[in-house]
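Asker: after the sequence you'll find the predicted model.
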Amino acid sequence: MRAVLLCGLMMAQAAAASAQSPVVIGCKLPSVGAQTPVERFFRVAPGSFQEWDAARKAFGQNLCSAYACAKSPDRSEGTIGSASVTYTVGVTHDTGEAYWRATGASGLAADHGPCRIAAPPKP
């Protein structure tokens, strides 16, 4: 009986983790040559990663179709990049902590840092 209850609890936890709501995060990402990092907004959920497009005043397409995304019961991450730098942006669902890290570029002032949970930008 205990095994059945434990199995049911584990399945419920897995289902809850896979049904995480999207989280909007603001990250001040550095770029080579820029003196001040620019805050960029992302909507992150398991299997979904979108960047806010200020010109269109809307979140763009799911970047997971073009870049690497990772999902696990406790976190969701999305990756964007160019020829010289790759940024990974993510959120840990259990703690609500959001973060970014960069790989590949030299000359950045930092290669990782915190992001903030934000309200969706207003159109």
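Answerer: Everything's here; your move.
Asker: the spatially most central residue of the chain in helix, strand or coil?
Answerer: The C-alpha lying nearest the average C-alpha coordinate of the chain belongs to residue 90 (C-alpha atoms, centre = their mean; 2.9 Å). Of the three states, residue 90 takes strand under DSSP: H, G, I helix; E, B strand; the rest coil.
Asker: for it, give me its contacts.
Answerer: Remark: with contacts taken as C-beta atoms under 8 Å, 6 or more residues apart in numbering, residue 90 is in contact with 44, 70, 75-78, 98-100. Bear in mind the C-beta positions are built from the backbone N, C-alpha and C, glycine included.
Asker: try 10 Å this time
Answerer: 23, 25, 27, 42, 44, 49, 69-71, 75-79, 97-101, 115 (C-beta atoms under 10 Å, 6 or more residues apart in numbering).
Asker: and residue 101, how far from residue 115?
Answerer: Using C-beta to C-beta, to the nearest Å, one obtains 11 Å as the distance from residue 101 to residue 115.
Asker: quick one: which of these two has more around it?
Answerer: A count of neighbours by other C-beta atoms under 10 Å puts residue 115 above the other of residue 101 and residue 115, at 23 against 15.
Asker: for the helix or strand hosting the more buried one, buried residues please.
Answerer: Secondary structure assignment for residue 115, by DSSP states H and E: strand 112-117. Applying a neighbour-count criterion of 16 or more other C-beta atoms under 10 Å, one finds residue 115 buried in strand 112-117.
Asker: pairing partners for it, with directions?
Answerer: Here strand 112-117 has these sheet partners by DSSP bridges: strand 23-29 (antiparallel), strand 97-103 (antiparallel).
Asker: okay, these in CSV with distance to residue 65 and mean pLDDT next?
Answerer: As requested, the strands paired with strand 112-117 are arranged in CSV below (distance: least, C-beta to C-beta, whole Å; pLDDT from 0 to 100):
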stretch, distance to residue 65, mean pLDDT
strand 23-29, 19, 94
strand 97-103, 21, 94
